[in-house]
Structures are given as C-alpha cells and as structure tokens.
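# Provided below are the primary sequence and the corresponding predicted coordinates.
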Amino acid sequence: MSMKSGATSNFQPGSWQELLHDVYVGTLTGACHFPYFLKTWIMEYLVLPVLRITRLSSLNFLPSSHDSVGDGSSEPTETNGELKVVGIGFGRTGTYSLTLALEELGYPTLHTQHLYENKEIQQMWTDLIFNPSLANGHAELGTPDFDVITQHGYEATTDFPMALYFDQILARYPDCKFILTTRDSSEKWFKSWDTLTKTITAPTYYGGLFISGVRHYSIYLRWLFALVNKDDSFLTSSRPKMAQYKQAAIASYETHNARVRDLVPPSQLLDYSVKQGWQPLCEFLEVSDCPSTPFPKTNSARSVQIQAVSGALVPLVFVLFCLFAVFTRVFQFATGKTPLAWLQYQRVVVLPNMVNWLLLSEKEREQQRQHEKIVGGAGAGTYHVKKVA
C-alpha cells in the first residue's frame, strides 16, 4: 500500500470528500508501513544472525539486498542505463504526484519516499554523501554515483536528494529533461514543508533505533535539513531538530529555483505546477497518447500527518496485543483461569461475600468468626445480611 492508492480521485478542494479521502489513504498507508518494517527487523536482527551463526547465509532463498517494496524497482543490471527525466523541484511541490504521472507515462521513477526501501541505492547515498558530511560536521553535496540508480532500471527521479544535483545530472546526461515543480508562492511551500518536517522527524529518529534502513533515512533528513536551513547544527545535534528556519528555508527554495532557470537550457526545462495537469507534461515529454484519466493528486500535508499517526499507533497496538497475549497465558497458568473467567468469578462469588461481610455489625462479625472456629471453618465464606427494618 502506498500513497498511490486513490491518487486519481478528484475532489473539490476543502470538501468533506477530500477530508475523508486523506484520512483513509493516510491511515491505510501508515498502517501498511508496519508489516514492511516488521519483516525488515525480523530479517535483520533474527534471521540473518542465526544464518550467519549456522553458516547458511550463503543460501539463495533469502531476498537479496536490492529487492524493494518500492514501485518500479528492479534487480541491478550489468549495463548502465541513463536518466531521461528528473524532477528537480523541492519536496512538497507535488513531487509524488509527478512521480505517479511519470510512471503512468512509462518512466520508472524513484522518489525519496521509497529511498529506504532499496538498500543498495540508500547505501550509496549514505557512504558517499551522508556519512562523510556527518563525520566532517558539515553538510556537503559531494558526488553521488548515479550509475547505482540507473542500474536498478530507473529512468527518472523526483524530489530530494536528486533535485539538488541538477547541474551534475545535466553534465552526466546532456539529453536529460528536467521538470521544476513549484507552488503558488514561497509561503505556501514553506507551510507544507514545515508540516512535513515536524511530522516525520521524530518517527524516523525513533524508528532508526531499531531498523538500519530507517536510521540511514534519519541521517539523510539531518543532512537535508542542514542544507535547506543553511545550518549544520541540524546535522550535528545529538537529537534531531524539527523546527525549520523560515527565512533560510524560503531563501534556499527561491535560490534553487532561480539557479535551475539560469543553468538548465530552456528546451530541456519545464517550469511546472501539478495543477496544470497532463497537457504541458505530455507536450514536454513528447507523449502523443496523453492520458485522459485525472492527473494524480496525493501526499497532501494532511494525509502525511495522518500517515505518521497511523504508522505510530499500529505498532503500539501490535505490541500491546502481544503483551496481553503473553499475560493471558501466564495468568492462566498461575490461576487455572483465563482473566475473563477470573473476573467473572470475582463478580459472582467474591464480591457478594465481601459486600455481605461489610454489612455485618462488629458483634455479628465476631460471632461469625467464633462460629467458623467452632465448626472448623466449615461455614467460612457464608454470611447473612442483617435485615434492616
């Protein structure tokens, strides 16, 4: 399940149908992240260590490191392909909607949202860019290995981090076409960007404590925030910083867009808003059979927020369920009753006896105790409520 679900549903902006759609897609997408992460954790910390100990790790029945859940990924090939289309707009400018559109037009596209799902590509970024920046205490662009991306069959990319390398991509692939996605205003972009960063920073940090892929993604976010906000403390801080610097972030956004327009040849650049739909995109990419379906619209700020909440609640519910299951088994072993049967017994037998005992006067209680001693406890637990006139 991904944000692709329901992407072609068109609703009136601000309508209750759009609200329900965002809630549905965000909830389902966040919930479906958990099985992937659970499988990854089991493989990384349980299965592979056992296989290494038993010397069975060389067997081929395990999924290889390049297997991915992300759309459009494939096994790396020996020959290098080339990037044909690159979306170079900042994140939160409709990059995921553009990703879905490019895939529908026949371009296998890598979006940052699925970066952690492909270990080899993520490892390339981590080894060549993120870790060196972290070690130096300074966020640097460096030089990524684009061949690692094209070897997996990708012909297009969108969003960060690739958007920051448009000049290197142009030098490497001189025939590549570039799509600069933008928002109506810098203020609208920052509002969406700020919402996203506050939503995903904490989950990726805590998720990184358990899963190496998410840990690498958390380092990537630190590196990215340091570049966008022009402040290396985002990279070097002991805990991730969520609050973005509005003026610095907007300046980065506007400077990037200006550099793109200056450096990329006009014939290879489409200055684009996803609100424009299919027509400008098809004309730019020279696609004669332009889709008649609604243009993809997904990954709204509200949907991302709901996705984060759902992604956190589902693991919590799973853990609580497992703990309750263990508690039930232990409780039943210790008492001979299930918790429900034990509560029923307390309600039917113990509670009435306690109430009766409390209603007895002190003299009657003493008489009751003396009677129990005389009969050897045969009458224990049998009490009579004093009649009240």
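Looks like it came in fine. Residues are numbered from 1 along each chain as shown.
# how deep is A325 tucked in, by neighbour count?
10 (other Cβ atoms under 10 Å). (Each C-beta comes from the backbone N, C-alpha and C, glycine too.)
# What ranges does this protein have for its strands?
For the chain, applying DSSP state E gives strands covering 85-87, 109-111, 156-158, 177-181, 269-272.
# Can you report phi and psi for R239?
phi -130, psi 150 (degrees, to the nearest 10).
# Now for it: which residues touch it?
Y205 (Cβ atoms under 8 Å, 6 or more residues apart in numbering).
# State the distance from it to G142.
Separation of R239 from G142 (Cβ to Cβ, to the nearest Å) stands at 25 Å.
# Please verify my assumption that L134 contacts W223.
Yes. Assessed by Cβ atoms under 8 Å, L134 is found in contact with W223 at 7.3 Å.
# Looking at those two, which is more packed in?
W223 (26 against 17).
# Could I get the contacting residues of the more buried one?
Here W223 is in contact with 129-130, 133-134, 139, 235 (Cβ under 8 Å, 6+ apart).
# Among those residues, pick out the one closest to F178, please.
I129 (20.5 Å; Cβ to Cβ).
# residues shared between the contacts of L134 and W223?
L235.
# Run through the residues that contact W278.
101, 290-291, 295.
# change it to 6 Å
Listed by Cβ atoms under 6 Å, 6 or more residues apart in numbering, the contact set of W278 reads 290-291, 295.
# Could you do G277 as well?
So G277 contacts F295 (Cβ under 6 Å, 6+ apart).
# What values do phi and psi take at it?
phi 80, psi -160.
# Make 315 the first number, not 1, from now on.
Fine by me, first position is 315 from now on; the one you just mentioned is G591.
# gap between it and V574?
22 Å.
# same check, this time on Y519
Distance from Y519 to V574, by Cβ to Cβ: 31 Å.
# Likewise for E568?
11 Å.
# pLDDT wise, what is the closest residue in space to K555 that isn't next to it in sequence at?
Among residues not flanking K555 along the chain, F548 sits closest, at 5.2 Å (Cβ to Cβ, 6 or more residues apart in numbering). pLDDT for F548: 94.
# Would you mind confirming that F548 makes contact with L541?
No. Counting by Cβ atoms under 6 Å, F548 does not reach L541; the two are 8.6 Å apart.
# out of these two, which sits in the busier spot?
F548 (25 against 20).
# gap between that one and T409?
21 Å.
# just Y421 next, same as before
Y421 is 14 Å from T409, by Cβ to Cβ.
# With neighbour numbers in mind, choose between those two.
Ranked by neighbour count (other Cβ under 10 Å), Y421 and T409 place T409 first, with 25 against 18.
# Does that one touch T472 like I think?
Yes. Contact criterion Cβ under 6 Å: T409 and T472 qualify, at 4.4 Å.
# Find the residues that touch each one of the two.
By Cβ under 6 Å, 6+ apart, T409 and T472 have these common neighbours: G401.
# wait, what's in contact with L397?
Contacts of L397 (Cβ under 6 Å, 6+ apart): 487, 490.
# The same query, at a cut-off of 8 Å, please.
460, 463-464, 468-471, 483, 486-487, 490.
# Could you dump those into TSV and include neighbour count, distance to E597 and pLDDT?
What follows is those, written out as TSV (neighbours: other Cβ atoms under 10 Å; distance: Cβ to Cβ, whole Å; pLDDT from 0 to 100):
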residue	neighbour count	distance to E597	pLDDT
F460	22	27	96
I463	24	26	95
T464	22	26	95
Y468	24	23	96
E469	20	19	97
A470	27	17	97
T471	28	21	97
I483	21	22	98
R486	14	26	97
Y487	16	21	97
C490	19	17	98
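# returning to that earlier point: drop anything exposed from the contacts of W592.
When the contacts of W592 are checked for burial by 16 or more other Cβ atoms under 10 Å, the buried set is 605, 609.
# For burial, what's the neighbour tally of L599?
Applying other Cβ under 10 Å, I find that L599 has 19 neighbouring residues.
# isn't it right next to L419, touching?
Yes. Using Cβ under 8 Å, L599 is in contact with L419, at 6.4 Å.
# Overlap in contacts, F548 and L541.
Common neighbours of F548 and L541 (Cβ under 8 Å, 6+ apart) are A453.
# This completes my enquiry, with thanks.
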